[in-house]
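*Asks:* My questions concern the predicted model and sequence given below.
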Amino acid sequence: MTLPDLLAPTYVQMLRALSFWLDKAQAQMPGEAADALLAARLAPDMFPLSTQVRFACVQAREGMHRLRGEAFPPAITELLDEGRHAGDHPGTMAQAQARIADTIATVESLAAATPDADPDRAIAHDLPIGLIFDLTAQQYARDWALPQFYFHVMTAYAILRQQGVDLGKADYVAHMFAYLRPGTMPAA
């Protein structure tokens, strides 16, 4: 399995799950109540839901561009800046859904045109605070790209649960039902 074959489907399935969770929130809390969820936080010193959505999109885009050995396009910087200031400008559910849909399209497009990445290729991953991590492409995918992406997706899930959105484990692993052996679903 190549690194793009691992990352792209993972990003897409979990971004689709995130989109579904936001849909459920809107169905359960219509109107402005759903948009108000975007300002919710797990703790006062954590970013709000709107930032978690944006940063999940950033992580997916960064992972794909980094595997391609490309500089990040301006859209990533814009999402990061929006996310950092989302406490003051959380936006709307429609905007969050548009960001997710655009990220899914971007990831799918990049995956279709990403050559097999050398898993031993050196990657210097620098953070805005000055830290630089020297990793192989495989280490980057395993130790940074996936964990950081899941952190933001799961924090979004936790915020939605904390705010009373009716989500359960089946909503988190909905993609697994494609693999369900016929006749093994328990009766309700």
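*Replies:* Arrived safely, thanks for sending.
*Asks:* Now the spatially most central residue of the chain: which helix or strand?
*Replies:* Among the residues of the chain, A56 comes closest to the average C-alpha position under C-alpha atoms, centre = their mean, at 2.9 Å. Secondary structure assignment for A56, by DSSP states H and E: helix 49-67.
*Asks:* For that helix, enumerate the helices and strands it packs against.
*Replies:* Under the contact criterion of 3 or more C-beta pairs under 8 Å, 6 or more residues apart in numbering; DSSP states H and E, the helices and strands touching helix 49-67 comprise helix 3-28, helix 74-84, helix 93-112, helix 146-162. (Each C-beta comes from the backbone N, C-alpha and C, glycine too.)
*Asks:* Run a quick neighbour tally on the closest residue in space to the residue nearest to the centre of the chain that isn't next to it in sequence.
*Replies:* Using C-beta to C-beta, 6 or more residues apart in numbering and skipping the chain neighbours, the partner closest in space to A56 is H152 (4.0 Å). Neighbour count of H152, defined by other C-beta atoms under 10 Å: 23.
*Asks:* ok, H152 - contacts?
*Replies:* If a contact means C-beta atoms under 8 Å, 6 or more residues apart in numbering, then H152 has 52-53, 55-56, 59 as its contacts.
*Asks:* again, 6 Å this time
*Replies:* Listed by C-beta atoms under 6 Å, 6 or more residues apart in numbering, the contact set of H152 reads 52, 55-56.
*Asks:* swap in R54?
*Replies:* If you count contacts by C-beta under 6 Å, 6+ apart, R54 has them with 79, 82-83.
*Asks:* Can you check the pLDDT for the closest residue to D171 other than its chain neighbours?
*Replies:* Taking C-beta to C-beta, 6+ apart as the measure, D171 lies nearest to W21, with 6.3 Å between them; neighbours along the chain are not counted. We have a pLDDT of 98 for W21.
*Asks:* now swap in Q163 and tell me
*Replies:* With respect to pLDDT, Q163 has a value of 96.
*Asks:* I'd like to know how far the residue lying closest to it once chain neighbours are set aside sits from G87.
*Replies:* In space, and not counting its chain neighbours, Q163 is closest to A40: 5.0 Å by C-beta to C-beta, 6+ apart. When distances are taken as C-beta to C-beta, to the nearest Å, A40 and G87 turn out to be 11 Å apart.
*Asks:* For the two, indicate the residue with more neighbours.
*Replies:* A40 (18 against 14).
*Asks:* Phi and psi next, for that one.
*Replies:* Here the main-chain torsion angles of A40 (degrees, to the nearest 10) amount to phi -70, psi 150.
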